[in-house]
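1. Kindly return the folded structure for what I paste below:
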Amino acid sequence: MEMKELLKSNFLDNITSVSILDMAVALILAFGLGIFIFLVYKKTYSGVMYSSSFGTTLVALTMITTVVILAVTSNVVLSLGMVGALSIVRFRTAIKEPLDIAFLFWSIAVGIVLAAGMIPLAIIGSVIIGVILLVFVNMKSGSNPYIVVVRCDGHESEKKAKSFLDSKTDRCVVKSKTAQKGSVELNMEIRLKEDNTDFVNALADIEGVSSAVLVSYNGDYMG
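-> Residues are numbered from 1 along each chain as shown. From the prediction side, this is the model:
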């Protein structure tokens, strides 16, 4: 009977250690800052394919971290058990964009800071980080890179295509070359002089060139 009363007392202590008002404020702020992080992510994304589910994950991760830290700070025994449980979790999802790691860490950090009661730090810090990301990520350092895929029928047409691209672009570098009998495929990184892609039509009309494809990419070459 005494053990039952003791467990009941501990249970009630754990409930009252974090007030309902504190939990509500922390979760509402976590949701609001999670939405802010999501909007900054959406505005600064520069990858090939935007994933809305990752943005939703940022909001959920902020709130989940807040809940976990609130539980940990309210009970020392629970915190030890939580550490043991989380130590066996393995995340194997590949992060394709390096900047995504910063957003994940940002969401977790905001959840921790909010649950610790440092609300001004979480809000002001998030605003400053968001402004910095919006300014620097969207700042253009130069012309956008493109990949041109050219199919030729031999060495002479390859030279003509390369010379033509050198004259029409600021930069032209061969990234890969595939040679087969009667066919040569070139993958070249180029930087445009101006926002005009009509030169691709002229490139395809060169004698010996069977096709020319222009592809925009984010600078990460996979060859």
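2. So what's the gap between the helix or strand Gly125 falls within and the chain middle?
-> Using DSSP states H and E, Gly125 sits in helix 119-137. Distance, stretch centre to chain centre, for helix 119-137: 17 Å (Cα atoms, centre = their mean, to the nearest Å).
3. what does stretch 53-61 give?
-> For stretch 53-61, the distance to the chain centre is 11 Å (Cα atoms, centre = their mean).
4. For it, give the mean pLDDT please.
-> Mean pLDDT, stretch 53-61: 89.
5. Show me what that stretch is in contact with.
-> 31, 34-35, 37-38, 41-42, 100, 103-104, 106-108, 111 (Cβ atoms under 8 Å, 6 or more residues apart in numbering). Where you see a C-beta, it was placed from the backbone N, CA and C, and this is true even at glycine.
6. Columns pLDDT, distance to Leu70 and neighbour count on top of those, output as JSON lines?
-> Formatted as JSON lines, these follow (pLDDT from 0 to 100; distance: Cβ to Cβ, whole Å; neighbours: other Cβ atoms under 10 Å):
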{"residue": "Phe31", "pLDDT": "95", "distance to Leu70": "14", "neighbour count": "15"}
{"residue": "Gly34", "pLDDT": "94", "distance to Leu70": "15", "neighbour count": "27"}
{"residue": "Ile35", "pLDDT": "95", "distance to Leu70": "20", "neighbour count": "14"}
{"residue": "Ile37", "pLDDT": "95", "distance to Leu70": "19", "neighbour count": "24"}
{"residue": "Phe38", "pLDDT": "93", "distance to Leu70": "22", "neighbour count": "21"}
{"residue": "Tyr41", "pLDDT": "91", "distance to Leu70": "25", "neighbour count": "26"}
{"residue": "Lys42", "pLDDT": "88", "distance to Leu70": "28", "neighbour count": "13"}
{"residue": "Asp100", "pLDDT": "84", "distance to Leu70": "26", "neighbour count": "17"}
{"residue": "Phe103", "pLDDT": "91", "distance to Leu70": "22", "neighbour count": "24"}
{"residue": "Leu104", "pLDDT": "89", "distance to Leu70": "20", "neighbour count": "18"}
{"residue": "Trp106", "pLDDT": "93", "distance to Leu70": "19", "neighbour count": "23"}
{"residue": "Ser107", "pLDDT": "93", "distance to Leu70": "16", "neighbour count": "26"}
{"residue": "Ile108", "pLDDT": "90", "distance to Leu70": "14", "neighbour count": "18"}
{"residue": "Gly111", "pLDDT": "91", "distance to Leu70": "9", "neighbour count": "26"}
